[in-house]
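S.K.: Next come a sequence and a model predicted from it.
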Amino acid sequence: MGAGFLVLALATLVSGPDAPVSAEWLIFSFLLQTLGELLLSPTGLSMVTKLAPSNWTSMLMGLWFMSLAAGNALAGKIANFTALPTIIPDNFPLTQFYGHTFNKLGWFSIGIAILLLICTPLFNRLISGSEKPLS
């Protein structure tokens, strides 16, 4: 996710102040974000079914999908950061405005990913003691 946002921030730096940004940047950004989704979703679904107690599996799967809904709602709130002011002056630097926002979102996402990587040994210890036998 972070790499996708940083690609968009880089696109605003490469383009001129009034030049349009090529669609290839947006396609590459969506490619990175979709790749992240494709890597995370099956792993998360597998871990929920693997680690959930037998009588809680359905409830926790529903909670997984509710967390996705909450994430989408949060994404809508974050999208408000890219909303333009109601009155835009003639010399308003659009590429600088969007570049700054995408840069912040990209580094924030990468920071969260680093934090999760640091916590991975703890997660692995918690998971190793709670695996349910296959029956």
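M.R.: Nice, I can see it. Here the structure is a predicted model, which is why all the values come from computation and not from measurement.
S.K.: M47: how many residues sit nearby?
M.R.: A count of nearby residues for M47, using other CB atoms under 10 Å, gives 14. For glycine as for every other residue, the C-beta is placed from the backbone atoms N, C-alpha and C.
S.K.: Name all residues that make contact with it.
M.R.: Contacts here follow CB atoms under 8 Å, 6 or more residues apart in numbering; on that basis M47 touches I127.
S.K.: what secondary structure does it sit in?
M.R.: helix (DSSP: H, G, I helix; E, B strand; the rest coil).
S.K.: Tell me the confidence at it?
M.R.: As predicted, M47 sits at a pLDDT of 87.
S.K.: what comes up buried for stretch 6-18?
M.R.: By 16 or more other CB atoms under 10 Å, the buried positions in stretch 6-18 come out as L6, V7, L8, A9, L10, A11, T12.
S.K.: got the contact list for stretch 87-104?
M.R.: 5-6, 8-9, 12-13, 15-17, 19, 21, 81-82, 84-85.
S.K.: same thing but 10 Å
M.R.: 4-21, 29, 78-79, 81-85 (CB atoms under 10 Å, 6 or more residues apart in numbering).
S.K.: What about those, which are in helices?
M.R.: Among the contacts of stretch 87-104, DSSP state H puts 4-14, 29, 78-79 in helices.
S.K.: in the chain, what spans have low per-residue confidence?
M.R.: Within the chain, the segments meeting pLDDT under 70 span 17-18, 129-135.
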